[in-house]
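S.K.: I would like to see how this sequence folds:
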Amino acid sequence: MAPLSSRNANHVVFLVLLLSFSAQLHGSWGQAGDNFVTFQNSQFNSEFFVSWETSNVLTVDEGRTLQLLLTENSGTGVSSVGQYLFGYIRASIKLIPNDSAGTVTTFYMSSAGPTHDELDFEFLGNASGQPYTLQTNVFAGGVGGREQRIGLWFDPREDFHQYSVIWNYKTISFYVDDVLIRVFQNHEASGQPFPVSQPMKVYSSLFDASSWATQGGLVKIDWTQAPFVASYSDYVLDACFWDTTFPRPECATPQAGDWWNAEYFQTIPDNQLGQMNWVTTNFMQYNYCTDTLRYPIAPFECTAPYNS
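M.R.: Now for the predicted structure:
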């Protein structure tokens with residue numbers, strides 16, 4: 001997939017997304033010509049690379065679908081060649097069918113180093129017939145520990161579903177099928193780190209997490225079910241490409257033409273707040289904000305009002 005460097009057409013993307021949000025975010029994002037990049041095999045080969053275990057990465061459906069495999073010998077992962085600072089990422093993912101206990105499938109962004117920033121979708125597998133758990137997390141300045149876990153209102157093994165993030169200098173918003181599930185806002189003024197300066201790559205991976213993924217590690221991987229396969233399609237990336245040849249890339253300064261920095265995406269519109277509350281009320285399994293054993297005093301962002 002190729003990075004989108006043109007800013008002249010970003011207002012078109014913004015209008016398309018705004019119309020989609022106005023439709024309650026239960027449909028597709030829509031398309032805006034070349035402003036949306038759909039995963040193709042040739043683009044994968046040029047813009048992504050296999051970061052570990054090449055033999056466990058396949059492309060099918062004439063290159064339109066990427067498959068990550070987990071075998072008893074190894075998991076696997078892919079990484080974007082480019083780095084990005086602020087923007088929109090999305091992937092359609094179909095998770096491991098049948099028994100997936102002990103496995104973790106991921107789609108995330110991350111910078112490098114001990115003080116890295118990271119935005120995570122992590123899918124925790126389960127035994128056959130038991131539901132998947134979606135864990136999201138945010139790292140800022142190398143500090144994570146902000147896990148939230150939800151159940152899903154559908155079976156993510158039966159078909160592809162969309163998982164996306166909008167990231168700007170004020171707000172990080174996580175979506176499942178265009179339903180807002182989580183928001184993390186910028187409270188730097190109150191001393192809380194926020195991802196604003198470190199460019200990130202886009203990653204996908206599948207690995208053995210028997211020690212913690214399913215019921216706290218009580219249920220291990222059943223290797224008789226291997227290979228485990230997670231499928232990805234419809235990669236979309238509309239973000240500011242971090243050009244390392246310039247000492248001060250323009251990504252670091254919000255640009256009027258970047259739709260993800262528009263005021264609409266810096267706050268939580270009323271219709272989306274209702275969606276997030278619906279998810280929290282009906283599907284939340286774990287929230288670090290209410291874990292008094294880990295955090296006797298709730299982290300600042302847990303009690304701060306949402307910015308308006």
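
S.K.: Neighbours of Thr224, how many?
M.R.: 7 (other C-beta atoms under 10 Å). For every residue, glycine as well, the C-beta is placed using N, CA and C.

S.K.: Confirm that it sits in a strand.
M.R.: No. Read with DSSP: H, G, I helix; E, B strand; the rest coil, Thr224 is helix and lies in no strand.

S.K.: mind checking the backbone torsions on Trp278?
M.R.: Backbone dihedrals for Trp278, given as degrees, to the nearest 10, come out at phi -60, psi -40.

S.K.: Okay, it and Leu180: tell me how far apart.
M.R.: In this structure, Trp278 and Leu180 are 9 Å apart, going by C-beta to C-beta, to the nearest Å.

S.K.: between these two, which one's more packed in?
M.R.: Leu180 (23 against 14).

S.K.: mind checking the SS state of the more buried one?
M.R.: strand.

S.K.: Quickly list what it is bridged to.
M.R.: Under the criterion DSSP bridges, Leu180 forms beta bridges with Tyr175.

S.K.: how much space between it and Tyr295?
M.R.: For Leu180 relative to Tyr295 (C-beta to C-beta), the value is 24 Å.

S.K.: okay, and the common contacts of Trp278 and Leu180?
M.R.: In terms of C-beta atoms under 8 Å, 6 or more residues apart in numbering, Trp278 and Leu180 are not both contacted by any residue.

S.K.: just checking, what packs against the strand or helix carrying Leu68?
M.R.: Assigned by DSSP states H and E, Leu68 falls within strand 65-70. Judged by 3 or more C-beta pairs under 8 Å, 6 or more residues apart in numbering; DSSP states H and E, strand 65-70 is in contact with strand 57-60, strand 76-80, strand 201-208, strand 228-241.

S.K.: Show me the strands paired with that strand, marking each as parallel or antiparallel.
M.R.: Partners of strand 65-70 in the sheet, by DSSP bridges, are strand 57-60 (antiparallel), strand 228-241 (antiparallel).

S.K.: As a check, name the ranges of all helices in this structure.
M.R.: Under the criterion DSSP state H, the chain contains helices at 10-22, 41-47, 263-266, 270-283, 300-303.

S.K.: Tell me where the model's unsure across the stretch 51-200 of the chain.
M.R.: Judged against pLDDT under 70, the stretch 51-200 of the chain has no low-scoring part.

S.K.: ok, residues contacting the strand holding Leu68?
M.R.: The contact list for strand 65-70 (C-beta under 8 Å, 6+ apart) reads 39, 44, 56-60, 75-78, 103, 105, 204-208, 226-233, 235.

S.K.: Near Asn98, how many other residues are there?
M.R.: Counted with other C-beta under 10 Å, the neighbours of Asn98 add up to 12.

S.K.: That one is in contact with Thr224, isn't it?
M.R.: No. Counting by C-beta atoms under 8 Å, Asn98 stays clear of Thr224, with 11.2 Å between them.

S.K.: And for stretch 174-184, what's in contact with it?
M.R.: 20, 25-29, 119, 121, 134, 136, 138, 146, 148, 150, 152, 154, 161-166, 171-173, 194, 268, 272-273, 275-276, 279, 301, 306.

S.K.: tally of neighbours for the closest residue to Ile166 other than its chain neighbours?
M.R.: What sits nearest to Ile166 in space, not counting adjacent residues and going by C-beta to C-beta, 6 or more residues apart in numbering, is Ser173, at 4.7 Å. Counted by other C-beta under 10 Å, the residues lying close to Ser173 total 23.

S.K.: Who are the contact partners of Ser173?
M.R.: Counting by C-beta under 8 Å, 6+ apart, Ser173 touches 165-167, 180, 182-183, 265, 268, 272.

S.K.: again, but for Ala213
M.R.: Taking C-beta under 8 Å, 6+ apart, one finds 101-104, 124-125 in contact with Ala213.

S.K.: Mind doing that once more with 10 Å?
M.R.: Contact partners of Ala213, counting by C-beta atoms under 10 Å, 6 or more residues apart in numbering, are 100-105, 122-126, 133, 135, 207, 219-221.
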